[in-house]
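Visitor: Quick one, what's the 3D model for this:
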Amino acid sequence: MSTSSSHPSFWRRVPLAFGAFFSTLSDAAYAARVEKLSLPEAAPVAPAAPAPAPVPTPAAAPVILKEATPDAALQLLALLQREARLIDFTQENLGSHADADIGAAARVVHEGCAKVMREYFTIEAVRQEAEGSRIVLQEGFDSAQVRLTGNVVGSAPFTGTLSHRGWRASSVRLPKLSEQHDAAILAPAEVEL
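Guide: Okay, the predicted model is just below:
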């Protein structure tokens with residue numbers, strides 16, 4: 001696209017147009033000046049110019065990511081440590097322990113994690129069908145709830161085998177924290193006297 005040096009380019013005109021639009025809405029004096037500019041002149045009409053080339057569609061606005069505060073994650077980690085000794089288990093070097101000892105420890109961790117999940121969350125399956133059953137995903141299915149795997153070609157409807165039902169938290173009941181609580185302390189050090 002060629003531009004004349006006396007006329008701003010299309011991409012320079014876009015922010016000008018937005019600025020003029022919002023200035024016209026918020027500033028009556030500016031709106032009056034714009035209105036004078038848009039009145040037809042008595043000058044002779046120039047012959048019609050050829051239709052401009054199609055303008056490429058601007059890219060979609062970028063997705064704005066919300067920043068999660070770490071407090072809830074730290075609180076959950078502290079609960080898993082308190083009830084299941086999860087941090088102790090994952091920080092332990094298991095190479096020197098027998099498989100039977102690791103299995104016994106894993107049972108304690110599993111039971112404690114399950115207790116935390118039951119007490120503080122309501123967890124439900126995303127899909128109600130049995131795993132291994134054939135399902136059809138119609139056009140417009142929610143890709144946040146269903147992830148397609150394997151040879152994904154074409155467009156919906158898709159027919160496939162449900163390999164995992166998925167999980168969703170339908171409620172979260174974490175305890176409220178006081179302002180003075182330091183969520184970064186996952187488990188205080190213990191000193192026996």
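Visitor: so Leu177 makes contact with Gln75?
Guide: Yes - using CB atoms under 8 Å, Leu177 is in contact with Gln75, at 6.7 Å. To be clear about C-beta, it is placed using only N, CA and C from the backbone, and glycine gets the same treatment.
Visitor: Counting by contacts, list what the lengthiest helix in the chain packs against.
Guide: Looking across the chain with DSSP state H, the single longest helix is helix 99-120. Applying 3 or more CB pairs under 8 Å, 6 or more residues apart in numbering; DSSP states H and E, one finds that helix 99-120 contacts helix 71-84, helix 86-91.
Visitor: between these, which one is nearest to Glu139?
Guide: Among these, the nearest to Glu139 by CB to CB is helix 71-84 (35.6 Å).
Visitor: continuing past the longest helix of the chain, what's the next helix or strand?
Guide: Sequence-wise, the next helix or strand downstream of helix 99-120 (DSSP states H and E) is strand 121-125.
Visitor: Could you list the paired strands of that next one along with their orientation?
Guide: Neighbouring strands of strand 121-125 in its sheet, by DSSP bridges, are strand 167-172 (antiparallel).
Visitor: So which residues make contact with the partner strand?
Guide: Applying CB atoms under 8 Å, 6 or more residues apart in numbering, the external contacts of strand 167-172 come out as 120-126, 145.
Visitor: how close does Glu139 sit to Arg127?
Guide: 18 Å (CB to CB, to the nearest Å).
Visitor: Which of the two has more residues huddled nearby?
Guide: Arg127 (15 against 8; other CB atoms under 10 Å).
Visitor: And the pLDDT at that one?
Guide: Per-residue confidence (pLDDT) for Arg127: 97.
Visitor: On the three-state scheme, it is what?
Guide: Recorded secondary structure, Arg127: coil (DSSP: H, G, I helix; E, B strand; the rest coil).
Visitor: right, so the helices and strands packed on helix 99-120: which one is the most enclosed?
Guide: With neighbours defined as mean count of other CB atoms under 10 Å, the helices and strands packed on helix 99-120 peak in mean count at helix 71-84, which reaches a mean of 17.
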